[in-house]
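1. could you work out the structure for the sequence below:
(one chain, ligands or ions: 1)
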Amino acid sequence: MTDSEVSLLRQLPAVATVLSTAEAAALLERHGRVATTDTIRQVIDEARQALRDTPAMPPSADELAQRAGQRLDAPAGGLRPLFNLTGVVLHTNLGRAVLAEAAIAAATDAMRHAVALEYDLDDGTRGERDDHVRALLRELTGAEDATVVNNNAAAVLLCLNTFALGREAVVSRGELIEIGGAFRMPDIMARAGARMVEVGTTNRTHAADYRQAFNPHTGIVLKVHTSNYRIQGFTAEVGARDLAAIADAAGVPLLNDLGSGSLVDLSRHGLAREPTVRDAVEEGARLVTFSGDKLLGGPQAGFIVGARALIEQVNRNPLKRALRVDKLRLAAIEATLKLYRDPDRLAQRLPTLRFLARDKADIEAQAHRLQPMVAARLGDAFAVEVGECRSQIGSGALPLDTLASAALFIRARGSQSALEQLAAALRALPRPVIGRIADGALQLDLRCLDDADEAMFAATLAQLP
Ligand SMILES: *Cc1c(COP(=O)(O)O)cnc(C)c1O
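-> This is a model prediction of the structure:
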């Protein structure tokens, strides 16, 4: 390093000097001593490194305080609200279901106050956590009993561990699913302590395959909803009703893992018909598991419904304690389930169903309303047009059924890299806007943008640099 380079480094303001600026005084007020001092130290270190790499005039104390301010004032972390314009309604990476107002209010109350989580208000004795949702789940599914855990993966794990620890769990080769995020049926079985017994073939499994597999070591038989794929062509599977009869005859409990599991007939809302949880219970599976934050539209949770004696066994498993849900989620679950008692207004009140049931004409009208604003905001470098697209339900629910929708198609008039840059700028907004790039266009599928949020969307775009 030359003498002049060393002297440039020496001119870099010290932490105390930066702290004495007016800007730093304001930062101290907003963010406190520790965070402000740490951040100032960071930006000074970075400036020192930059000067070593390329000698230049060092930044002033004011400049450094401003850099620290930008960092400290940056919008709150990654969990800030965003616009999901991906066209995937239940987007696992974007937090799946958006909750109903009633659920939000219930969770907020439970956060702020003490609640009778495990307390019987009638006689002042200890109560059970599940009591808050047991009656509702029984009413909505027709099952004898019910319990709730952290998510559906936990529900499956807990059932396997309860009934097949050190024993055999029978499953069709056509149903050995991987859902992503390391949820693979064979691995879950191994961790649950069950020995997996595969029956049938990838494309065909028959009743005799199950019958032959059953023996005194069998602990459970599984039917798994192939949520995210379909086997087509020369295929055969044993339906849940028939399998329930075979399992009952052998004295083996049948677990039907529905994955998404809807509580209502979706064909009432213009979607493809998917078997409901009530159907699965009625078909005779002794245990049925499903998610809280997929089609049900609630918070992350896993439900196990079924025969009382079996649910009691599940509840006695020590693992249940490790997988239970807290008061916030329980409050939100109870409020969400209550909405199902009024099916006529469900699509209005439950955002998941409202988004899924939204018809294309409505979304298209919204796209035409927003197009001039977006086009004006993006300027001459981009063309913005209204076009047709297909939305996905997401989370492995009804994988092949897409929904007719409408999107704003944004195309770069110049180079394609401009489109990538625009997508990045939209993600960097205080309320990020997430679309998807396909066929040379950035598509903003408006299915999940409520009309009431249009003004907020416009205000957000106005903040584009
Ligand atoms: C999604 C899914 C699960 C896991 O549910 P989570 O609530 O995400 O834990 C399990 N089984 C099937 C068939 C699924 O589709």
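
2. which residues touch Ala301?
-> Contact analysis of Ala301 by Cβ atoms under 8 Å, 6 or more residues apart in numbering lists 148-151, 291-293, 325, 329, 333. Just so you know, the C-beta spots here come from the backbone N, C-alpha and C atoms, and that holds for glycine as well.

3. out of those, name the ones that lie in strands.
-> If you go by DSSP state E, the contacts of Ala301 have 148-149, 291 in strands.

4. which of those are buried, as a ChimeraX select command?
-> Per 16 or more other Cβ atoms under 10 Å, the buried members of these correspond to this ChimeraX selection:
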select :148,149,291
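
5. keep only the ones in strands among the contacts of Ala301 that also lie close to the ligand.
-> Ser291 (Cβ under 6 Å from any ligand atom).

6. what does the stretch 251-400 of the chain have sitting close to the ligand?
-> Selection of the stretch 251-400 of the chain residues close to the ligand by Cβ under 6 Å from any ligand atom yields 257, 259-260, 291, 302, 396.

7. try it again at 8 Å.
-> Neighbours of the ligand within the stretch 251-400 of the chain, by Cβ under 8 Å from any ligand atom: 257-260, 289, 291-294, 300-302, 395-397.

8. skipping adjacent residues, who's closest to Arg211 in space?
-> Excluding its sequence neighbours, the residue lying closest to Arg211 (Cβ to Cβ, 6 or more residues apart in numbering) is Ile246, at 6.1 Å.

9. one more: Asp445?
-> Using Cβ to Cβ, 6+ apart, the closest residue to Asp445 is Gly87 (3.3 Å).

10. the one you found reaches Leu408, doesn't it?
-> No: between Gly87 and Leu408 there is no contact under Cβ atoms under 8 Å: 11.5 Å.

11. list residues touching both of those two?
-> By Cβ under 8 Å, 6+ apart, Gly87 and Leu408 have these common neighbours: Gln443.

12. nearest residue to Thr17 in space, please, no chain neighbours.
-> Counting by Cβ to Cβ, 6+ apart, Ala61 is the residue found nearest to Thr17 once chain neighbours are left out, at 4.8 Å.

13. next up, the contacts around the one you found.
-> When contacts are taken as Cβ under 8 Å, 6+ apart, Ala61 is in contact with 13, 17-18, 20-21.

14. nearest to Glu454, out of the contacts of Ala301: which one, please.
-> Of all the contacts of Ala301, Glu454 sits closest to Asp293, with 25.8 Å by Cβ to Cβ.

15. would you agree that closest one is in contact with Arg96?
-> Yes: using Cβ under 8 Å, Asp293 is in contact with Arg96, at 4.2 Å.

16. shared neighbours, those two?
-> Counting by Cβ under 8 Å, 6+ apart, the residues touching both Asp293 and Arg96 are 90, 300, 395.

17. neighbour-wise, which one of those leads?
-> Neighbour count (other Cβ atoms under 10 Å) singles out Leu90 as the most crowded of the shared contacts of Asp293 and Arg96, with 27 neighbours.

18. what's near enough to touch that residue?
-> 96-97, 293-295, 352, 393-395, 397 are the contacts of Leu90 under Cβ under 8 Å, 6+ apart.

19. by neighbours, which of those wins?
-> For these, the largest number of neighbours (other Cβ under 10 Å) sits with Leu295, at 30 neighbours.

20. what about that one, which SS state?
-> What DSSP: H, G, I helix; E, B strand; the rest coil gives for Leu295 is coil.

21. the bottom helix or strand of this structure by mean pLDDT?
-> Of all helical and strand segments in the chain, the minimum by mean pLDDT, DSSP states H and E falls on helix 3-10, at a mean of 83.

22. list the buried residues for that helix?
-> Leu8.

23. swap in stretch 205-222?
-> By 16+ other Cβ under 10 Å, the buried positions in stretch 205-222 come out as 205, 209-210, 213-214, 218-222.

24. mind checking which of those are in helices?
-> The helices, defined by DSSP state H, take in 209-210, 213 from the buried residues of stretch 205-222.

25. from the ligand, how far off is the closest residue to Asp120 other than its chain neighbours?
-> In space, and not counting its chain neighbours, Asp120 is closest to Gly127: 3.9 Å by Cβ to Cβ, 6+ apart. Gly127 is 26 Å from the ligand, where distance means Cβ to the nearest ligand atom, to the nearest Å.

26. wait, Gly127 touches Arg134, no?
-> No: look at Gly127 against Arg134 with Cβ under 8 Å: they stay out of range, at 11.1 Å.
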